[in-house]
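Asker: I would like to see how this sequence folds:
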Amino acid sequence: MSKFKGLFKFVLVLMILIVAVNGSNINFAATTISIPDINITVQGDNGDVQIANSIQIIVLLTILSLAPSILIMMTSFTRFVIVLGFVRRALSLQATPPNQTLIGLALFLTFFVMAPVFTDVYENAYIPLQEGTVTLEEAVELGTDPFKEFMLSQVRSKDLALFLNIANVETVNSNDDIDMTVIIPAFILSELKLSFEIGFLIFMPFIVVDMIVASTLMALGMMMLPPVMISLPIKILLFILVDGWHFIVEKLVLSIR
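Answerer: Presented below is the predicted three-dimensional model:
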C-alpha cells in the first residue's frame with residue numbers, strides 16, 4: 001500500500017483545492033481564505049521498482065490513447081465502416097442509420113472477426129508477461145506476430161511490393177523479414193481499395209432503380225416531382241425484401257474469414 005500513498009496525497013490535495021475553489025464562489029464579504037503551501041513528495045522503499053512501475057503506467061496510458069488508431073490500422077474496422085457508409089449513401093439516406101449505429105456495428109463486427117487474433121495475443125503475450133515468464137520486449141514481439149499474420153493474409157502483393165520498394169527492401173526470405181512499418185500502410189491501402197470495390201457493387205442496383213424512376217417520371221411529364229421522393233421508398237422496400245443488412249454483413253465477414 002505504500003506505493004499508493006503519493007497518489008492518495010495528490011487526490012486529497014486536489015479535493016481540498018476543489019472545495020476551496022467552490023467555496024470561494026460563495027459570497028463571504030468579510031472572509032478571506034488563505035491556502036497554505038503544500039509540498040508533495042513520493043517516497044518508496046525501493047526507488048528502482050517504483051520508477052519501473054511508473055514507466056509501466058506511462059506506457060499503458062500511451063497504449064490506451066493510441067488504441068483507436070491501432071484498431072483502425074491493424075484490423076478490419078476500416079473495411080466494415082466504409083462499406084456500411086456506402087450502403088447508407090446508396091439508399092439515399094443522410095442520417096439513418098446514425099453514425100453511432102454504423103460505427104458500433106462495425107466495431108462489434110471487428111471484435112467478432114478479430115476474436116482469434118485477440119485470443120492469441122492474450123494467451124501467448126499478455127498472460128506470460130503478467131506471470132513474468134517473458135520480458136516486455138518478448139511480449140511485444142509475441143503480441144505483434146498474430147496481427148502481422150492477419151494483415152499479411154489480407155494485404156495485396158502489389159501494395160506490399162510498393163512499400164517494400166519505398167523502404168528499399170530488396171530481399172525478403174520470410175514474413176519475419178517484413179517490418180510492421182511496411183505491412184500496416186500496405187494493409188490499409190488494400191482495405192481501402194477492397195472496400196471501395198464492394199461499395200461500387202452495392203451502388204449499382206440502386207442507381208438502376210434511380211434511373212428507372214427518373215425515366216418513368218419524365219415519360220409521365222412529372223417534371224417538378226423529385227425522383228428521390230419516389231425512388232427512396234422503392235429502394236428501402238427492395239432492401240428489406242432481399243434482407244440487405246443480413247446479406248451485406250454475411251459477405252463482409254466471409255470476405256475476411
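Asker: okay, CA-based contacts and neighbour counts for the rest of this
Answerer: OK.
Asker: Now the helix or strand hosting Val83: average pLDDT?
Answerer: Assigned by DSSP states H and E, Val83 falls within helix 77-90. Mean per-residue pLDDT for helix 77-90: 88.
Asker: and that helix, how far from the chain's centre?
Answerer: 14 Å (CA atoms, centre = their mean, to the nearest Å).
Asker: now stretch 162-170
Answerer: For stretch 162-170, the distance to the chain centre is 27 Å (CA atoms, centre = their mean).
Asker: Do me a favour and average the pLDDT over it.
Answerer: Rounded mean pLDDT across stretch 162-170 is 81.
Asker: what about that stretch, start to end distance?
Answerer: 12 Å (CA to CA, to the nearest Å).
Asker: buried sites along stretch 82-98?
Answerer: Residues 82-92 are the ones in stretch 82-98 that count as buried (16 or more other CA atoms under 10 Å).
Asker: Stretch 189-209 now?
Answerer: 190-191, 194-195, 198-199, 202-203, 206, 209.
Asker: Turn those into TSV, columns for pLDDT and distance to Met218.
Answerer: Shown next, in TSV, are the buried residues of stretch 189-209 (pLDDT from 0 to 100; distance: CA to CA, whole Å):
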residue	pLDDT	distance to Met218
Ser190	90	42
Glu191	89	40
Leu194	89	36
Ser195	88	34
Ile198	88	31
Gly199	87	28
Ile202	87	26
Phe203	86	22
Phe206	85	18
Val209	83	14
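Asker: Which ones among the residues you listed map onto strands?
Answerer: Using DSSP state E, no member of the buried residues of stretch 189-209 falls within strands.
Asker: circling back to that earlier point, which other helices and strands contact the helix holding Val83?
Answerer: helix 99-113, helix 180-220 (3 or more CA pairs under 8 Å, 6 or more residues apart in numbering; DSSP states H and E).
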